[in-house]
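Chemist: could you work out the structure for the sequence below:
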Amino acid sequence: MGWVLTAVAGLSFAVWLYLLGYRGGFWHGDQRLDAAAPAPEAWPAVVVLVPARDEAEVVGAAVAALLAQDYPGPFHVVLIDDHSGDGTAEAAIRAAAGATEDSPGRFQAIAAPDLPAGWTGKLWALQAGLAHAGTAFPGTPYLWLSDADIAPGPATLRHLVAKAEGDKLNLVSLMVALSCRGAWERLLIPPFIYFFQMLYPFPWVNDPAKGTAAAAGACVLLRRDALVRAGGFEGVKGALIDDCALARAIKTLPPAADAAGDLWGGIWLGLATESRSIRPYRGLGEIWRMVARNAYTQLRHSPLLLLGTVIAMTLTFLAPPLLALTAGLHDNFVAAFLAAGAWAMMAVSAVPTLSLYRQPAWMAALMPLAAVFYCAMTLDSALRHWRGAGGAWKDRVHPGPLKL
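Modeler: The predicted structure follows:
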């Protein structure tokens, strides 16, 4: 029995050596937009697409923040009301009325057509917005996809465009700051960002030589010509994790030359500090539903991947504290030492993300507890899928096929 504990602890220790040293430095959290990036010679036009379904509570603040951008070039905001029943469009129009006094016509609200089979609601709304923008604002080179519960900082669009123009990128995305005030948010939101970075190391996403592709759908700046070459929103129309599917489609495009002969290609993903979500998570239940909606989709609805994920999470996050804290019971101090080292590496790696969310460093020791909750959410996500309720969001269910 002793050798089993030693082997488990040693394997956990080795996993953390790999994660800290060979996983792209994901845990540093150092991928940020450079506020001092040089301005382009001319600021291109941008159309902001805001898909919204039953967002009356937050959409006003989101629209006001979008219209308050200090962007030097022309931009327009198009809200696509996806069959809301709570007055979302009316709330957005009211918010825009006072914010566009100096720029009449900058804001428009349209209604999405009926959702066809095979499309998710958000992507169909974006498709409707894209079609409208093509008629109302033809030739606009950039699209900014911004969720209806996001309040971007006033310089966000300027920084996004400067990054895209300076590095000739087809897609620039920001992981906005999520609400982190209540006890459950403080326990679970920083680990959520941490796990996303571990799954998709941002330095690898931003490296054109790496196959890793991801985006954060709440804030995506996208070149329209690249979207067309990638097959448009139709190419990812059924994807529940639409942001990462879109990022893969864009990153795999071959570089293309513009009229000046400059090659454009690649994507970039970073962490935001000024742009934030204005949707609070009122207790554990709301965080749980957010994760359970798509967690099993991330595993391609595969029971084998689900089993492997639970085993990997147990080995990586739960075994170290369990073996370290029970040293007096099993008397295997080699295992306890290795486990304590793994737990220490885990905690050290979590500190930058906790710092981003202004949480104390001691909370890094609670990462195993957060991992327990995320394992449970993933299992619940699988159960929902098997019961035919997978991908539920705003009274819609988008279950995917069962895979073995």
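
Chemist: alpha carbons only for contacts and neighbour counts from here, please
Modeler: OK.

Chemist: what residues does the longest helix along the chain touch?
Modeler: Ranked by residue count under DSSP state H, the longest helix found in the chain is helix 333-356. Helix 333-356 is contacted by residues 5-10, 12-13, 16-17, 20, 27-29, 190-191, 193-194, 273, 317, 319-321, 323-327, 360-361, 363-365, 367 when judged by C-alpha atoms under 8 Å, 6 or more residues apart in numbering.

Chemist: inside helices: which ones of those residues?
Modeler: In this view, the contacts of helix 333-356 that belong to helices under DSSP H are 5-10, 12-13, 16-17, 20, 190-191, 193-194, 319-321, 323-325, 327, 367.

Chemist: could you confirm residue 222 falls within a strand?
Modeler: Yes - under DSSP: H, G, I helix; E, B strand; the rest coil, residue 222 falls within a strand.

Chemist: what sits against the residue nearest to it when sequence neighbours are not counted?
Modeler: Leaving aside its chain neighbours, residue 222 sits nearest to residue 171 (4.6 Å; criterion: C-alpha to C-alpha, 6 or more residues apart in numbering). Going by C-alpha under 8 Å, 6+ apart, residue 171 touches 164, 220, 221, 222, 223, 247, 250, 266, 267, 268.

Chemist: pretty sure the last one is touching residue 175, no?
Modeler: No - contact criterion C-alpha atoms under 8 Å: residue 268 and residue 175 do not qualify, at 11.0 Å.

Chemist: quick one: common contacting residues for those two?
Modeler: Shared contacts of residue 268 and residue 175 (C-alpha under 8 Å, 6+ apart): residue 215.

Chemist: neighbour count winner among these two?
Modeler: Shown here are residue 268 and residue 175; by other C-alpha atoms under 10 Å, residue 268 has more neighbours (30 against 23).

Chemist: between which two of the contacts of residue 171 is the distance greatest?
Modeler: Using C-alpha to C-alpha, those span at most 14.5 Å, a distance reached by 164 and 247.

Chemist: looking at these two, which is more packed in?
Modeler: residue 247 (28 against 24).

Chemist: any figure for the gap between the more buried one and residue 235?
Modeler: Here the criterion is C-alpha to C-alpha, to the nearest Å. By it, residue 247 lies 12 Å from residue 235.

Chemist: help me confirm that residue 78 is found in a helix?
Modeler: No - membership of residue 78 in a helix is not supported by three-state DSSP, which gives strand.

Chemist: count the neighbours of it for me.
Modeler: When neighbours are counted by other C-alpha under 10 Å, residue 78 registers 21.

Chemist: quick check: it touching residue 46?
Modeler: No - applying C-alpha under 8 Å as the test, residue 78 and residue 46 come out as separate, 10.8 Å apart.

Chemist: give me the buried positions along the lowest-mean-pLDDT helix or strand in the chain.
Modeler: Taking mean pLDDT, DSSP states H and E as the measure, the helix or strand of the chain with the lowest value is helix 327-330, at a mean of 87. Buried residues in helix 327-330, counted by 16 or more other C-alpha atoms under 10 Å: residue 327.

Chemist: ok, the closest residue to residue 68 other than its chain neighbours - contacts?
Modeler: Distance criterion C-alpha to C-alpha, 6+ apart; nearest residue to residue 68, sequence neighbours excluded, is residue 154 at 6.0 Å. With contact taken as C-alpha under 8 Å, 6+ apart, residue 154 is in contact with 65, 66, 68, 69, 70.

Chemist: please redo it, this time with the cut-off set to 7 Å
Modeler: Residues near residue 154 by C-alpha atoms under 7 Å, 6 or more residues apart in numbering: 65, 68, 69, 70.

Chemist: cool, residue 238 as well?
Modeler: 118, 119, 120.

Chemist: export the residues you listed as TSV, with columns for distance to residue 288 and neighbour count.
Modeler: TSV is the format used below for the contacts of residue 238 (distance: C-alpha to C-alpha, whole Å; neighbours: other C-alpha atoms under 10 Å):
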residue	distance to residue 288	neighbour count
118	26	12
119	25	19
120	21	20
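
Chemist: still on that earlier bit, what pLDDT is listed against the residue nearest to residue 222?
Modeler: Reported pLDDT at residue 171 in the predicted model: 98.

Chemist: phi, psi of it?
Modeler: phi -150, psi 130 (degrees, to the nearest 10).

Chemist: quickly list what it is bridged to.
Modeler: Counting by DSSP bridges, residue 171 forms beta bridges with residue 222, residue 267.

Chemist: so how many other residues sit close to the spatially closest residue to residue 279 that is not a sequence neighbour?
Modeler: Spatial nearest neighbour of residue 279, excluding adjacent residues (C-alpha to C-alpha, 6+ apart): residue 149 at 5.9 Å. Counted with other C-alpha under 10 Å, the neighbours of residue 149 add up to 24.

Chemist: surely residue 149 is in contact with residue 60?
Modeler: No - contact criterion C-alpha atoms under 7 Å: residue 149 and residue 60 do not qualify, at 9.0 Å.

Chemist: if we can go back for a sec, only whichever of the contacts of residue 154 are buried, select them in ChimeraX.
Modeler: Buried members of these, defined by 16+ other C-alpha under 10 Å, are picked up in ChimeraX with:
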select :65,69
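
Chemist: among the contacts of residue 154, find me the one that's closest to residue 302.
Modeler: Set against residue 302, the nearest of the contacts of residue 154 by C-alpha to C-alpha is residue 65 (40.3 Å).

Chemist: now that closest one: how far from residue 145?
Modeler: In terms of C-alpha to C-alpha, residue 65 sits 14 Å off from residue 145.

Chemist: before we move on, what about residue 271?
Modeler: In terms of C-alpha to C-alpha, residue 271 sits 16 Å off from residue 145.

Chemist: what's the local residue count around the residue nearest to residue 246 when sequence neighbours are not counted?
Modeler: Excluding the flanking residues, the one nearest residue 246 by C-alpha to C-alpha, 6+ apart is residue 236, at 6.5 Å. The number of residues packed near residue 236 is 21, by other C-alpha under 10 Å.

Chemist: ok, residue 236 - contacts?
Modeler: Contacts of residue 236 (C-alpha under 7 Å, 6+ apart): 242, 245, 246.

Chemist: quick one: residue 157 from residue 220, how far?
Modeler: Residue 157 is 10 Å from residue 220, by C-alpha to C-alpha.
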